[in-house]
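>>> quick check, what structure comes out for this input:
(one chain, ligands or ions: 1)
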Amino acid sequence: MRLLVHDSVSPVFAPALLVDYLTSEGVDATTDCHPTDADGVVAFAHDDALLDAPWVHAITAGYDDYPVEEYHEAGLTFTNSTGIHGTSVGESVVGHCLTFARRLHRYRDRQHDRQWEHEPYEAAFTLSGERACVVGLGTLGQGVAVRLDALGMDVVGVRRTPALVPGVSEVVTPDDLHDAVSDARFVVLTVPLTDETTGLVDAGVFATMREDAYLVNVARGEVVDQDALVTALESGAIAGAALDALDPEPLPAESPLWGFEEVLITPHCAALTNDYHEAVGDLVVTNARRIGRGADPVNRVV
Ligand code: NAD
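This next block holds a predicted model:
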(Lines give C-alpha, C1' and ligand atoms only; values in the text may rest on other atoms or scores of the structure.)
Protein backbone atom coordinates (compact mmCIF):
# COMPACT_ATOMS: atom_id res chain seq x y z
CA MET A 1 0.00 0.00 0.00
CA ARG A 2 1.44 3.36 -1.08
CA LEU A 3 -0.07 6.62 0.17
CA LEU A 4 0.18 10.13 -1.19
CA VAL A 5 0.18 12.98 1.33
CA HIS A 6 -1.45 15.68 -0.77
CA ASP A 7 0.02 19.17 -0.79
CA SER A 8 -3.36 20.58 0.34
CA VAL A 9 -2.50 19.57 3.94
CA SER A 10 0.18 22.33 3.99
CA PRO A 11 -1.94 24.96 5.82
CA VAL A 12 -2.29 22.52 8.74
CA PHE A 13 1.13 20.82 8.86
CA ALA A 14 4.09 20.20 6.57
CA PRO A 15 3.26 17.17 4.35
CA ALA A 16 6.74 15.75 5.08
CA LEU A 17 5.87 15.47 8.79
CA LEU A 18 3.05 13.05 8.01
CA VAL A 19 5.15 11.18 5.44
CA ASP A 20 7.85 10.65 8.10
CA TYR A 21 5.30 9.59 10.70
CA LEU A 22 3.59 7.10 8.35
CA THR A 23 6.96 5.74 7.27
CA SER A 24 7.98 5.27 10.92
CA GLU A 25 4.78 3.25 11.38
CA GLY A 26 5.66 1.01 8.45
CA VAL A 27 3.33 2.59 5.86
CA ASP A 28 4.85 3.56 2.50
CA ALA A 29 4.08 7.27 1.96
CA THR A 30 5.22 10.05 -0.36
CA THR A 31 4.44 13.65 -1.29
CA ASP A 32 5.43 13.02 -4.86
CA CYS A 33 3.18 10.89 -7.06
CA HIS A 34 -0.08 11.29 -8.96
CA PRO A 35 -3.23 10.18 -7.11
CA THR A 36 -3.75 7.53 -9.82
CA ASP A 37 -0.49 5.90 -8.76
CA ALA A 38 -1.36 5.85 -5.06
CA ASP A 39 -3.53 3.42 -3.11
CA GLY A 40 -4.81 6.31 -1.04
CA VAL A 41 -4.51 10.09 -0.70
CA VAL A 42 -4.47 12.05 2.54
CA ALA A 43 -5.91 15.52 1.84
CA PHE A 44 -7.14 18.74 3.40
CA ALA A 45 -9.13 19.84 0.34
CA HIS A 46 -10.68 18.29 -2.73
CA ASP A 47 -9.25 18.57 -6.19
CA ASP A 48 -10.53 16.66 -9.17
CA ALA A 49 -7.38 14.52 -9.42
CA LEU A 50 -8.49 12.86 -6.16
CA LEU A 51 -11.31 11.19 -8.09
CA ASP A 52 -8.64 8.94 -9.63
CA ALA A 53 -7.57 7.54 -6.25
CA PRO A 54 -9.19 4.45 -4.75
CA TRP A 55 -9.26 5.96 -1.24
CA VAL A 56 -9.28 9.56 0.03
CA HIS A 57 -8.75 10.40 3.69
CA ALA A 58 -9.72 13.92 4.87
CA ILE A 59 -7.56 15.25 7.71
CA THR A 60 -10.60 17.15 9.01
CA ALA A 61 -13.75 15.99 10.78
CA GLY A 62 -16.00 18.15 8.62
CA TYR A 63 -16.35 17.06 5.00
CA ASP A 64 -18.93 19.60 3.81
CA ASP A 65 -16.39 20.93 1.25
CA TYR A 66 -15.90 17.54 -0.43
CA PRO A 67 -18.11 16.34 -3.32
CA VAL A 68 -19.28 13.25 -1.42
CA GLU A 69 -21.85 12.28 -4.08
CA GLU A 70 -19.17 12.33 -6.80
CA TYR A 71 -16.89 10.18 -4.63
CA HIS A 72 -19.74 7.75 -4.16
CA GLU A 73 -20.42 7.63 -7.89
CA ALA A 74 -16.69 7.23 -8.64
CA GLY A 75 -16.73 4.21 -6.30
CA LEU A 76 -13.91 5.48 -4.12
CA THR A 77 -13.63 5.04 -0.38
CA PHE A 78 -13.78 8.30 1.58
CA THR A 79 -12.84 8.53 5.26
CA ASN A 80 -12.59 11.51 7.62
CA SER A 81 -10.80 12.44 10.85
CA THR A 82 -13.61 12.72 13.33
CA GLY A 83 -12.64 11.53 16.81
CA ILE A 84 -9.32 13.34 17.15
CA HIS A 85 -10.30 16.93 18.01
CA GLY A 86 -12.03 16.60 21.36
CA THR A 87 -9.04 17.72 23.43
CA SER A 88 -7.74 20.53 21.19
CA VAL A 89 -11.12 22.07 20.42
CA GLY A 90 -12.33 21.38 23.97
CA GLU A 91 -9.39 23.35 25.36
CA SER A 92 -9.88 26.12 22.79
CA VAL A 93 -13.49 26.55 23.90
CA VAL A 94 -12.45 26.63 27.57
CA GLY A 95 -10.02 29.38 26.55
CA HIS A 96 -12.77 31.35 24.80
CA CYS A 97 -15.12 31.11 27.79
CA LEU A 98 -12.41 32.00 30.31
CA THR A 99 -11.27 34.92 28.16
CA PHE A 100 -14.73 36.50 28.24
CA ALA A 101 -15.41 35.71 31.92
CA ARG A 102 -12.02 36.89 33.17
CA ARG A 103 -11.93 39.77 30.64
CA LEU A 104 -8.51 38.74 29.28
CA HIS A 105 -9.29 40.05 25.79
CA ARG A 106 -9.89 43.55 27.17
CA TYR A 107 -6.65 43.54 29.16
CA ARG A 108 -4.72 42.35 26.11
CA ASP A 109 -6.35 45.14 24.09
CA ARG A 110 -5.19 47.70 26.68
CA GLN A 111 -1.71 46.23 26.81
CA HIS A 112 -1.21 47.47 23.25
CA ASP A 113 -1.58 51.00 24.67
CA ARG A 114 0.46 50.20 27.85
CA GLN A 115 -2.70 51.04 29.77
CA TRP A 116 -3.11 49.88 33.41
CA GLU A 117 -6.86 49.94 33.96
CA HIS A 118 -9.46 47.65 35.56
CA GLU A 119 -12.58 46.46 33.82
CA PRO A 120 -15.82 47.77 35.38
CA TYR A 121 -16.54 45.85 38.64
CA GLU A 122 -19.64 44.11 37.23
CA ALA A 123 -17.91 42.93 34.03
CA ALA A 124 -15.80 40.06 35.40
CA PHE A 125 -17.44 36.78 36.37
CA THR A 126 -16.42 33.20 37.08
CA LEU A 127 -17.42 30.24 34.94
CA SER A 128 -18.25 28.20 38.02
CA GLY A 129 -22.02 28.01 38.42
CA GLU A 130 -22.73 29.42 34.93
CA ARG A 131 -24.67 27.39 32.39
CA ALA A 132 -23.34 26.34 28.98
CA CYS A 133 -25.46 24.87 26.21
CA VAL A 134 -23.46 22.67 23.83
CA VAL A 135 -25.20 22.10 20.49
CA GLY A 136 -24.03 18.77 19.03
CA LEU A 137 -22.55 16.16 21.36
CA GLY A 138 -20.11 14.24 19.16
CA THR A 139 -16.33 14.34 19.56
CA LEU A 140 -16.13 18.13 19.85
CA GLY A 141 -19.25 18.56 21.94
CA GLN A 142 -18.20 15.91 24.45
CA GLY A 143 -14.66 17.32 24.58
CA VAL A 144 -16.15 20.72 25.40
CA ALA A 145 -18.76 19.41 27.85
CA VAL A 146 -16.39 17.47 30.13
CA ARG A 147 -14.00 20.42 30.33
CA LEU A 148 -16.64 23.05 31.10
CA ASP A 149 -18.19 20.65 33.64
CA ALA A 150 -14.77 20.27 35.29
CA LEU A 151 -14.70 24.05 35.76
CA GLY A 152 -17.94 23.88 37.72
CA MET A 153 -20.29 24.90 34.93
CA ASP A 154 -23.73 23.41 34.47
CA VAL A 155 -23.62 21.94 30.97
CA VAL A 156 -26.75 21.11 28.99
CA GLY A 157 -26.66 19.64 25.50
CA VAL A 158 -28.65 19.51 22.28
CA ARG A 159 -28.58 16.16 20.59
CA ARG A 160 -30.80 14.32 18.12
CA THR A 161 -30.94 11.27 20.45
CA PRO A 162 -31.69 12.69 23.89
CA ALA A 163 -29.32 10.41 25.86
CA LEU A 164 -26.89 11.83 28.42
CA VAL A 165 -23.13 11.94 27.78
CA PRO A 166 -20.37 12.59 30.35
CA GLY A 167 -20.24 16.16 31.63
CA VAL A 168 -23.81 17.00 30.61
CA SER A 169 -26.63 17.33 33.17
CA GLU A 170 -29.51 17.47 30.69
CA VAL A 171 -29.99 16.73 26.99
CA VAL A 172 -32.76 18.01 24.73
CA THR A 173 -33.49 17.40 21.05
CA PRO A 174 -33.02 20.09 18.35
CA ASP A 175 -36.78 20.85 18.55
CA ASP A 176 -36.09 22.35 22.00
CA LEU A 177 -33.08 24.41 20.91
CA HIS A 178 -34.73 27.71 21.90
CA ASP A 179 -35.51 26.46 25.42
CA ALA A 180 -31.99 25.09 25.80
CA VAL A 181 -30.25 28.34 24.82
CA SER A 182 -32.62 30.63 26.73
CA ASP A 183 -30.90 30.34 30.11
CA ALA A 184 -27.31 29.64 28.99
CA ARG A 185 -24.43 32.08 29.52
CA PHE A 186 -22.50 30.34 26.72
CA VAL A 187 -23.96 28.66 23.63
CA VAL A 188 -21.31 26.47 22.02
CA LEU A 189 -21.81 25.16 18.46
CA THR A 190 -20.22 21.79 17.71
CA VAL A 191 -22.50 20.39 14.98
CA PRO A 192 -21.47 19.41 11.44
CA LEU A 193 -22.70 21.58 8.58
CA THR A 194 -25.71 19.85 7.05
CA ASP A 195 -28.99 20.95 5.47
CA GLU A 196 -30.48 20.78 8.96
CA THR A 197 -27.81 22.90 10.64
CA THR A 198 -27.33 25.55 7.93
CA GLY A 199 -28.55 28.83 9.45
CA LEU A 200 -29.56 26.98 12.63
CA VAL A 201 -28.56 29.92 14.81
CA ASP A 202 -30.72 32.72 13.41
CA ALA A 203 -32.39 35.91 14.58
CA GLY A 204 -34.95 33.85 16.52
CA VAL A 205 -32.22 32.09 18.48
CA PHE A 206 -30.45 35.38 19.23
CA ALA A 207 -33.75 36.87 20.43
CA THR A 208 -34.12 33.91 22.80
CA MET A 209 -30.57 34.06 24.19
CA ARG A 210 -29.80 36.05 27.32
CA GLU A 211 -28.46 39.58 26.82
CA ASP A 212 -25.35 38.60 28.80
CA ALA A 213 -24.79 35.42 26.77
CA TYR A 214 -21.89 34.58 24.46
CA LEU A 215 -21.97 32.49 21.30
CA VAL A 216 -18.96 30.23 20.68
CA ASN A 217 -18.79 28.81 17.15
CA VAL A 218 -16.19 26.10 16.54
CA ALA A 219 -18.40 24.28 14.01
CA ARG A 220 -18.84 25.94 10.61
CA GLY A 221 -19.57 29.57 9.76
CA GLU A 222 -22.72 28.68 7.84
CA VAL A 223 -24.36 27.22 10.98
CA VAL A 224 -24.86 30.85 12.03
CA ASP A 225 -26.83 33.50 10.18
CA GLN A 226 -23.95 35.97 10.27
CA ASP A 227 -26.04 39.05 9.39
CA ALA A 228 -28.37 38.19 12.27
CA LEU A 229 -25.32 37.81 14.52
CA VAL A 230 -24.08 41.28 13.61
CA THR A 231 -27.55 42.70 14.32
CA ALA A 232 -27.69 40.86 17.66
CA LEU A 233 -24.28 42.23 18.65
CA GLU A 234 -25.16 45.78 17.55
CA SER A 235 -28.48 45.77 19.40
CA GLY A 236 -27.10 44.17 22.55
CA ALA A 237 -29.37 41.12 22.17
CA ILE A 238 -26.30 39.06 23.16
CA ALA A 239 -23.07 40.07 24.89
CA GLY A 240 -20.49 38.72 22.45
CA ALA A 241 -19.13 35.86 20.39
CA ALA A 242 -16.02 33.76 19.89
CA LEU A 243 -15.85 32.77 16.25
CA ASP A 244 -13.38 30.18 14.99
CA ALA A 245 -15.55 29.32 12.00
CA LEU A 246 -16.79 32.06 9.70
CA ASP A 247 -18.60 32.54 6.44
CA PRO A 248 -16.69 33.12 4.26
CA GLU A 249 -13.16 32.21 5.32
CA PRO A 250 -10.95 34.16 5.51
CA LEU A 251 -13.36 36.72 6.94
CA PRO A 252 -13.18 39.80 4.63
CA ALA A 253 -11.44 42.84 6.10
CA GLU A 254 -14.63 44.88 5.68
CA SER A 255 -16.76 42.57 7.87
CA PRO A 256 -18.24 44.47 10.83
CA LEU A 257 -17.45 41.45 13.02
CA TRP A 258 -13.80 42.53 13.27
CA GLY A 259 -14.81 45.71 15.04
CA PHE A 260 -16.64 44.48 18.17
CA GLU A 261 -14.78 44.58 21.51
CA GLU A 262 -16.73 41.52 22.65
CA VAL A 263 -15.96 39.41 19.57
CA LEU A 264 -12.96 37.09 19.42
CA ILE A 265 -12.04 35.98 15.91
CA THR A 266 -9.63 33.11 15.36
CA PRO A 267 -8.68 31.81 11.89
CA HIS A 268 -10.27 28.33 12.07
CA CYS A 269 -7.49 27.09 14.32
CA ALA A 270 -9.34 25.62 17.32
CA ALA A 271 -8.14 22.12 16.42
CA LEU A 272 -4.57 23.00 15.48
CA THR A 273 -1.92 21.51 17.72
CA ASN A 274 1.67 20.33 17.27
CA ASP A 275 0.82 16.62 17.19
CA TYR A 276 -2.09 16.92 14.74
CA HIS A 277 -0.11 14.99 12.10
CA GLU A 278 0.35 12.09 14.53
CA ALA A 279 -3.36 11.88 15.39
CA VAL A 280 -4.24 11.89 11.68
CA GLY A 281 -1.37 9.47 11.03
CA ASP A 282 -2.73 6.96 13.56
CA LEU A 283 -6.11 6.99 11.80
CA VAL A 284 -4.47 6.62 8.39
CA VAL A 285 -2.31 3.71 9.57
CA THR A 286 -5.37 1.97 11.05
CA ASN A 287 -7.25 2.40 7.80
CA ALA A 288 -4.33 1.46 5.56
CA ARG A 289 -4.10 -1.83 7.47
CA ARG A 290 -7.84 -2.40 7.44
CA ILE A 291 -8.20 -1.62 3.73
CA GLY A 292 -5.10 -3.71 3.03
CA ARG A 293 -6.74 -6.80 4.52
CA GLY A 294 -10.12 -6.11 2.91
CA ALA A 295 -11.83 -4.85 6.09
CA ASP A 296 -14.08 -1.80 6.33
CA PRO A 297 -12.13 1.35 7.30
CA VAL A 298 -13.04 3.40 10.39
CA ASN A 299 -14.66 6.84 9.91
CA ARG A 300 -16.02 5.80 6.54
CA VAL A 301 -18.15 8.51 4.91
CA VAL A 302 -18.72 6.64 1.61
P1 NAD B 1 -18.84 14.15 15.20
O2 NAD B 1 -19.37 13.45 14.02
O3 NAD B 1 -18.04 13.38 16.21
O4 NAD B 1 -20.02 14.85 16.00
C5 NAD B 1 -21.05 15.61 15.43
C6 NAD B 1 -22.29 15.42 16.27
O7 NAD B 1 -23.29 16.35 15.87
C8 NAD B 1 -22.88 14.00 16.12
O9 NAD B 1 -23.09 13.47 17.40
C10 NAD B 1 -24.18 14.25 15.38
O11 NAD B 1 -25.17 13.33 15.73
C12 NAD B 1 -24.52 15.66 15.88
N13 NAD B 1 -25.51 16.35 15.05
C14 NAD B 1 -25.64 16.34 13.71
N15 NAD B 1 -26.68 17.13 13.34
C16 NAD B 1 -27.19 17.63 14.49
C17 NAD B 1 -28.26 18.52 14.77
N18 NAD B 1 -29.03 19.01 13.80
N19 NAD B 1 -28.52 18.84 16.06
C20 NAD B 1 -27.76 18.33 17.07
N21 NAD B 1 -26.73 17.48 16.86
C22 NAD B 1 -26.46 17.14 15.58
O23 NAD B 1 -17.99 15.35 14.64
P24 NAD B 1 -16.95 16.25 15.46
O25 NAD B 1 -15.58 15.70 15.31
O26 NAD B 1 -17.50 16.52 16.81
O27 NAD B 1 -17.00 17.58 14.58
C28 NAD B 1 -18.22 18.30 14.46
C29 NAD B 1 -18.05 19.40 13.43
O30 NAD B 1 -17.22 20.41 13.98
C31 NAD B 1 -17.36 18.96 12.15
O32 NAD B 1 -18.29 18.45 11.22
C33 NAD B 1 -16.70 20.22 11.67
O34 NAD B 1 -17.59 20.94 10.84
C35 NAD B 1 -16.47 21.02 12.94
N36 NAD B 1 -15.04 21.01 13.36
C37 NAD B 1 -14.42 22.21 13.50
C38 NAD B 1 -13.10 22.23 13.92
C39 NAD B 1 -12.37 23.55 14.08
O40 NAD B 1 -11.15 23.59 13.96
N41 NAD B 1 -13.04 24.62 14.39
C42 NAD B 1 -12.41 21.04 14.19
C43 NAD B 1 -13.09 19.82 14.06
C44 NAD B 1 -14.43 19.84 13.65
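>>> what residue of this protein is the furthest out?
Most distant from the centre of the chain: Trp116, at 34.7 Å, with distances by Cα atoms, centre = their mean.
>>> which residue is the nearest non-sequential neighbour of that residue?
Residue nearest to Trp116 in three dimensions, not counting chain neighbours: Arg110, with 7.8 Å by Cβ to Cβ, 6 or more residues apart in numbering. Any C-beta I mention is one placed from the backbone N, CA and C, and that applies to glycine too.
>>> touching, the one you found and Leu104? I think so.
No: using Cβ atoms under 8 Å, Arg110 is not in contact with Leu104, being 10.8 Å away.
>>> would you mind naming what in the stretch 151-300 of the chain lies close to the ligand?
158-160, 174, 190-194, 196-197, 218-220, 244-245, 268, 270-271 (Cβ under 6 Å from any ligand atom).
>>> buried only: go through those residues for me.
Using 16 or more other Cβ atoms under 10 Å as the burial test, those include 158-159, 174, 190-193, 197, 218-220, 244-245, 268, 270-271 as buried.
>>> next step: these restricted to strands.
Val158 (DSSP state E).
>>> and the pLDDT at the closest residue to the ligand within the chain?
Closest to the ligand within the chain is Gly138: 1.7 Å, counting by Cβ to the nearest ligand atom. Gly138 carries a pLDDT value of 97.
>>> that one against Thr82, yeah?
Yes: using Cβ under 8 Å, Gly138 is in contact with Thr82, at 6.9 Å.
>>> who has more neighbours out of these two?
Per other Cβ atoms under 10 Å, whichever of Gly138 and Thr82 has more neighbours is Thr82, with 20 against 17.
>>> quickly note the distance from that one to Val298.
9 Å (Cβ to Cβ, to the nearest Å).
>>> ditto for Trp116
53 Å.
>>> and Leu264, by the same measure?
34 Å.
>>> the more surrounded of those two?
Using other Cβ under 10 Å as the criterion, Leu264 and Val298 rank with Leu264 on top: 18 against 13.
>>> what kind of secondary structure is that one in?
strand (DSSP: H, G, I helix; E, B strand; the rest coil).
>>> grab the nearest non-local neighbour of it.
The nearest residue in space to Leu264 (Cβ to Cβ, 6+ apart) is Ala242, at 4.3 Å.
>>> ok so the one you found is a strand residue?
Yes: Ala242 forms part of a strand when assessed by three-state DSSP.
>>> got the domain boundaries for this protein?
Following automatic domain parsing, one finds the domains of the chain at 2-84+273-292, 86-265.
>>> pull up the distance across the shortest one, start to finish.
Translated: domain 2-84+273-292. Terminal residues of domain 2-84+273-292 lie 10 Å apart, using Cα to Cα, to the nearest Å.
>>> and if you look at stretch 51-70?
End residues of stretch 51-70 are separated by 8 Å (Cα to Cα).
>>> buried residues in it?
Buried, per 16+ other Cβ under 10 Å, within stretch 51-70: Leu51, Ala53, Trp55, Val56, His57, Ala58, Ile59, Thr60, Ala61, Gly62, Tyr63, Tyr66.
>>> among those, which ones lie close to the ligand?
Ala61, Gly62.
>>> can I get the buried residues of stretch 51-70 in JSON lines with pLDDT, secondary structure and distance to Leu22?
Putting the buried residues of stretch 51-70 into JSON lines (pLDDT from 0 to 100; DSSP: H, G, I helix; E, B strand; the rest coil; distance: Cβ to Cβ, whole Å) gives the following:
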{"residue": "Leu51", "pLDDT": "96", "secondary structure": "helix", "distance to Leu22": "23"}
{"residue": "Ala53", "pLDDT": "96", "secondary structure": "coil", "distance to Leu22": "16"}
{"residue": "Trp55", "pLDDT": "98", "secondary structure": "strand", "distance to Leu22": "14"}
{"residue": "Val56", "pLDDT": "98", "secondary structure": "strand", "distance to Leu22": "15"}
{"residue": "His57", "pLDDT": "98", "secondary structure": "strand", "distance to Leu22": "11"}
{"residue": "Ala58", "pLDDT": "98", "secondary structure": "strand", "distance to Leu22": "16"}
{"residue": "Ile59", "pLDDT": "98", "secondary structure": "coil", "distance to Leu22": "12"}
{"residue": "Thr60", "pLDDT": "98", "secondary structure": "coil", "distance to Leu22": "18"}
{"residue": "Ala61", "pLDDT": "98", "secondary structure": "coil", "distance to Leu22": "20"}
{"residue": "Gly62", "pLDDT": "97", "secondary structure": "coil", "distance to Leu22": "23"}
{"residue": "Tyr63", "pLDDT": "98", "secondary structure": "coil", "distance to Leu22": "21"}
{"residue": "Tyr66", "pLDDT": "98", "secondary structure": "coil", "distance to Leu22": "21"}
